[in-house]
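Undergrad: what follows is a predicted protein model with its sequence.
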Amino acid sequence: MEDGPVRSGLSEAGSRIETLKQRALNADKRVDQVEDVLDGLGKTMNGLNAAVERLEGGLDHLEGTLSSLDDLAQRLIRLVEPVEAIVERIDSIVTRRETMMSPMDRLRRLRNRTVR
């Protein structure tokens with residue numbers, strides 16, 4: 001009967017070893033899961049970095065385009081300013097002509113009425 005406590009101790013030790021073994025397997029699975037998550041995160045970060053690089057390239061191109069448009073607008077302003085001055089002078093000449101011709105137009109109308 002003395003074998004009972006020894007067997008009980010061995011059985012308890014075997015149970016503890018089995019529990020520790022199961023915990024180690026569970027921890028190993030968790031480590032694998034974490035590694036999978038980190039691998040997925042690494043791939044996502046690589047994709048995000050590539051997208052940010054493309055965005056930076058697009059923004060650089062947009063900046064260059066806007067700069068070219070700004071230069072073009074400045075040149076157009078320099079071209080339009082003299083044309084505006086010419087149009088103002090023509091408008092002034094037409095206005096003077098109308099003012100000068102107004103009395104003559106009245107005389108013509110009067111003359112045309114009397115001739116009929």
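TA: Now that the structure is in, tell me what you want to look at.
Undergrad: chain center to the helix or strand hosting R54: distance?
TA: For R54, the host element (DSSP states H and E) is helix 3-115. Averaging C-alpha positions (CA atoms, centre = their mean, to the nearest Å) puts helix 3-115 1 Å from its chain's average.
Undergrad: quick check, pLDDT for V6.
TA: With respect to pLDDT, V6 scores 55.
Undergrad: do the same with A13
TA: Model confidence at A13 (pLDDT) stands at 79.
Undergrad: so what's the residue count around it?
TA: If you count neighbours by other CB atoms under 10 Å, A13 ends up with 10. Just so you know, the C-beta spots here come from the backbone N, C-alpha and C atoms, and that holds for glycine as well.
Undergrad: same question, S67
TA: S67 has 10 nearby residues by other CB under 10 Å.
Undergrad: for G14, same thing?
TA: G14 has 10 neighbouring residues, counting by other CB under 10 Å.
Undergrad: one more: M45?
TA: Neighbours of M45 under the rule other CB under 10 Å: 10.
Undergrad: cool, and E56?
TA: By the measure other CB under 10 Å, the count of residues near E56 is 10.
Undergrad: roughly how far does it sit from M45?
TA: Distance of E56 to M45, given as CB to CB, to the nearest Å: 16 Å.
Undergrad: again, but for L110
TA: 92 Å.
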